[in-house]
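In: Sequence first, then the predicted structure:
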Amino acid sequence: MTVSTENPVNLLGDEDHRRVVELCYECKLCFPKCPYVPPHEFAVDFPKLMLRAKMLWAKDEGIALRERFLGATDLVGSVMTKIAPLANAAAHNAFNRMLMDKTIGIARERQLPTYAEETFATWWARRAPVASGETPVALFATCYVNYNDPAIAKAAVDVLERAGCDVECPEQVCCGMPKIDGGDLEGARTLARRNVESLLPSVRAGRKIVTPGPSCTLMLRTEYPELVPTAEGREVAAAVMDLSDFVLQQARAKKLPKPPPGAVGKVAFHVACHNRVQNFGYRGRDLLKWAGGDVTLVDRCCGMDGTWGMKSEFFADSLKVAEAAAQRVESAEPEVVSSDCPLAGLQLKQKTGRPSYHPVRILSAAYAGEPLRSPRTDNPKQGDLPGAKPT
């Protein structure tokens, strides 16, 4: 018998390589699983290899229209919020969704985020000043929260100020993660430089930069030192914290009052993959427990990965990945569903029919005496949009 000594990797063709790269949705869970990641001498960084491949494709083939669209979050968001009622109606129009599917490859079955009629940045600019608190902090709202779900950032301001924080919101743009996903390295680097420049004064004034988006937190903390390889880039990255992590620190320091007993309720809490890989613990879960919640942890990937789960060719795979998480949510029989990732919450809603809320939104609502709950809604699930293809 002849035994081949050829490296098995060399037996893979170009199509095999491309399929592997396309199916990697950058959950990054290989980091806590694989024994060969840095600081091991092999220093295997599989997600970065996949991103590098996408960047090489973009360099050789150009950046595809869909990737340009999905990466232009600030441009698209600023336009869509100005015509929010029309944009949101179009997202449920069968003909429009068919066109989006055929032209730019956004799955017609995918529930899309709604656009707010008033962005968080606009709300913040017109908000009446409040007395300064003792703990200085800067809020990096994220582009999704700014344009699609400003209630998260408003709740963050409420809870932070209840904890005695002096909150500011520096000028900011998208963190650049969607551009990285599309292979647009220089586009991501440009955004990173702008954010480092605008966030640096806050950091040097002693403020932590808190953000409610796990992918944005990951991007700012781990990718910015490479995208902006300067002392300033590293300084900003070192000051970034997850919002729930920061709020929990204030709570444990007894700077934050507990909400009324029973206000949080029975919670199914989904922890985002991009928070799991940052190794700071399950702070959203711990915050809800501190607030009196009866919390069941859902620690399975939702399969969304922001832009990946929206693409026509990966939509069905995305839902399959989400099945285990959705089953755990349902088996918990929760009063309210929570996730520290808004897009993961959107995926869970598509699978279960239950809306999901950021932990800080649940906490803010509990303080206000208006507890959030997640009953099943009549919103269409996957495949139920008018004109949708069966999956």
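Out: That came in fine, so what should we check first?

In: any chance you could map the helices in the stretch 201-350 of the chain?
Out: Using DSSP state H, counting those that start in this stretch, the helices of the stretch 201-350 of the chain run over 214-218, 224-227, 231-238, 243-252, 273-276, 283-290, 315-331, 342-352.

In: Out of those, flag the one nearest L56.
Out: Nearest to L56 among these is helix 224-227 (16.7 Å), distances taken as C-beta to C-beta. Where C-beta positions appear, they are placed from N, C-alpha and C, glycine not excepted.

In: in the sheet, who's paired with H270?
Out: When assigned by DSSP bridges, H270 has beta-bridge partners V298, S339.

In: Please give me every residue in contact with it.
Out: For H270, the contacting residues are 298-300, 302, 325, 329, 337-341, 344-345, 348, 356, by C-beta atoms under 8 Å, 6 or more residues apart in numbering.

In: residues near the nearest residue to D340 once chain neighbours are set aside, how many?
Out: Leaving aside its chain neighbours, D340 sits nearest to G284 (4.2 Å; criterion: C-beta to C-beta, 6 or more residues apart in numbering). Neighbourhood size, G284 [other C-beta atoms under 10 Å]: 32.

In: Would you quantify the distance from G284 to A163?
Out: Distance of G284 to A163, given as C-beta to C-beta, to the nearest Å: 16 Å.

In: before we move on, what about P129?
Out: Remark: distance between P129 and A163 (C-beta to C-beta) = 18 Å.

In: Of these two, give the one with the bigger neighbour count.
Out: Neighbour count, other C-beta under 10 Å: between P129 and A163, A163 has more, with 22 against 5.

In: okay but that one is in contact with L256, surely?
Out: Yes: using C-beta atoms under 8 Å, A163 is in contact with L256, at 4.3 Å.

In: who touches both of the two?
Out: Common neighbours of A163 and L256 (C-beta under 8 Å, 6+ apart) are V247, Q250.

In: before we move on, the earlier item: I'd assumed V267 was in contact with the residue nearest to D340.
Out: No: using C-beta under 8 Å, G284 is not in contact with V267; the gap is 9.7 Å.

In: quick one: common contacting residues for those two?
Out: Here G284 and V267 share the contacting residues S338, scored by C-beta under 8 Å, 6+ apart.

In: What does the nearest residue to A325 once chain neighbours are set aside show for phi and psi?
Out: What sits nearest to A325 in space, not counting adjacent residues and going by C-beta to C-beta, 6+ apart, is R300, at 4.1 Å. As for R300, its main-chain torsions (degrees, to the nearest 10) stand at phi -120, psi 140.

In: in the stretch 51-200 of the chain, which spans are helices?
Out: In the stretch 51-200 of the chain, the helices defined using DSSP H, counting those that start in this stretch lie at 65-71, 73-82, 84-90, 94-104, 120-126, 143-147, 150-162, 177-181, 185-204.

In: Kindly reformat the ones you listed as JSON lines containing distance to G309.
Out: JSON lines is the format used below for these (distance: least, C-beta to C-beta, whole Å):
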{"stretch": "helix 65-71", "distance to G309": "11"}
{"stretch": "helix 73-82", "distance to G309": "16"}
{"stretch": "helix 84-90", "distance to G309": "20"}
{"stretch": "helix 94-104", "distance to G309": "14"}
{"stretch": "helix 120-126", "distance to G309": "24"}
{"stretch": "helix 143-147", "distance to G309": "14"}
{"stretch": "helix 150-162", "distance to G309": "20"}
{"stretch": "helix 177-181", "distance to G309": "11"}
{"stretch": "helix 185-204", "distance to G309": "20"}
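
In: In a markdown table, list those helices along with mean pLDDT.
Out: Shown next, in a markdown table, are these (pLDDT from 0 to 100):
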| stretch | mean pLDDT |
| --- | --- |
| helix 65-71 | 91 |
| helix 73-82 | 97 |
| helix 84-90 | 97 |
| helix 94-104 | 95 |
| helix 120-126 | 97 |
| helix 143-147 | 97 |
| helix 150-162 | 98 |
| helix 177-181 | 91 |
| helix 185-204 | 97 |
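
In: Compare those helices and report which one is nearest to Y36.
Out: With C-beta to C-beta, the closest approach to Y36 among the helices of the stretch 51-200 of the chain belongs to helix 177-181: 23.0 Å.

In: Counting by contacts, list what the closest one packs against.
Out: Other elements packing on helix 177-181 under the criterion 3 or more C-beta pairs under 8 Å, 6 or more residues apart in numbering; DSSP states H and E are helix 46-61, helix 65-71, helix 185-204, helix 214-218.

In: Pull the distance from it to the chain's centre.
Out: Chain-centre distance of helix 177-181: 12 Å, with C-alpha atoms, centre = their mean, to the nearest Å.

In: and if you look at stretch 105-114?
Out: With C-alpha atoms, centre = their mean, you get 16 Å for stretch 105-114.

In: again with stretch 150-161
Out: 17 Å.

In: got the CA coordinates for that stretch in CSV?
Out: Only the C-alpha atoms of stretch 150-161 are listed here, as CSV (Å, rounded to 0.1, in the frame of the first residue of the first chain):
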residue,chain,number,x,y,z
PRO,A,150,-31.5,54.0,20.2
ALA,A,151,-33.6,52.7,23.2
ILE,A,152,-30.5,50.7,24.2
ALA,A,153,-28.3,53.8,24.5
LYS,A,154,-31.0,55.8,26.2
ALA,A,155,-31.3,53.0,28.8
ALA,A,156,-27.5,53.0,29.1
VAL,A,157,-27.5,56.7,29.9
ASP,A,158,-30.3,56.2,32.4
VAL,A,159,-28.6,53.4,34.3
LEU,A,160,-25.2,55.0,34.2
GLU,A,161,-26.5,58.2,35.6
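
In: Could you work out the end-to-end span of stretch 348-361 for me?
Out: Counting by C-alpha to C-alpha, to the nearest Å, you get 17 Å between the two ends of stretch 348-361.

In: Which helix or strand contains V37?
Out: For V37, there is no helix or strand it lies in under DSSP states H and E.
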